[in-house]
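**Q** Build me a model:
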Amino acid sequence: MRLSYVCERQQKELRRQQAPGSCPYCGGKVEAMDVEVQSKLCFLPMCFQIKRRYFCTHCSKRLEILFE
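**A** Numbers count the residues shown, from 1 in each chain. Purely as a prediction, here's the structure:
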């Protein structure tokens, strides 16, 4: 018997706002975006998260914050 599953991940943008600082690559403005991520397994919701993502408005690179 073969077992297969279908995973689906939906992302929805909630809001955008200007973040402090500048891009380390080009010096452009940094924007913070709140994203709602919902994972489904065979059409059943499994996980619901809200994540904040940072990106540069000039070069469109996704920026990550590294904690030490």
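
**Q** Dig out what the nearest residue to Thr57 once chain neighbours are set aside forms beta bridges with.
**A** Once flanking residues are discounted, Thr57 sits nearest to Lys29: 4.8 Å by C-beta to C-beta, 6 or more residues apart in numbering. Placement of C-beta: from N, CA and C, glycine included. Lys29 has these beta-bridge partners by DSSP bridges: Ser22.

**Q** Any idea how many residues pack against Lys29?
**A** Neighbour count for Lys29, taken as other C-beta atoms under 10 Å: 14.

**Q** My guess is it contacts Gln17. True?
**A** No: with contact defined as C-beta atoms under 8 Å, Lys29 and Gln17 do not form a contacting pair (11.3 Å).

**Q** contacting residues for Leu44?
**A** Going by C-beta atoms under 8 Å, 6 or more residues apart in numbering, Leu44 touches no other residue.

**Q** Look up how far Val35 lies from it.
**A** Separation of Leu44 from Val35 (C-beta to C-beta, to the nearest Å) stands at 21 Å.

**Q** okay, and for the protein, where does confidence drop off?
**A** Low-confidence segments of the chain (pLDDT under 70): 1-6, 67-68.

**Q** So which residues of it form strands?
**A** With DSSP state E applied, the chain shows strands at 7-22, 29-41, 44-56, 62-63, listed in chain order.

**Q** Nearest residue to the residue most central in space within the chain in space, please, no chain neighbours.
**A** Nearest residue to the geometric centre of the chain (C-alpha atoms, centre = their mean): Arg53, 4.8 Å. Excluding the flanking residues, the one nearest Arg53 by C-beta to C-beta, 6+ apart is Met33, at 5.0 Å.

**Q** List the contacts of the residue nearest to the centre of the chain.
**A** By C-beta under 8 Å, 6+ apart, Arg53 lies in contact with 32-33, 35, 62.

**Q** Since that was my last question, I'll sign off now.
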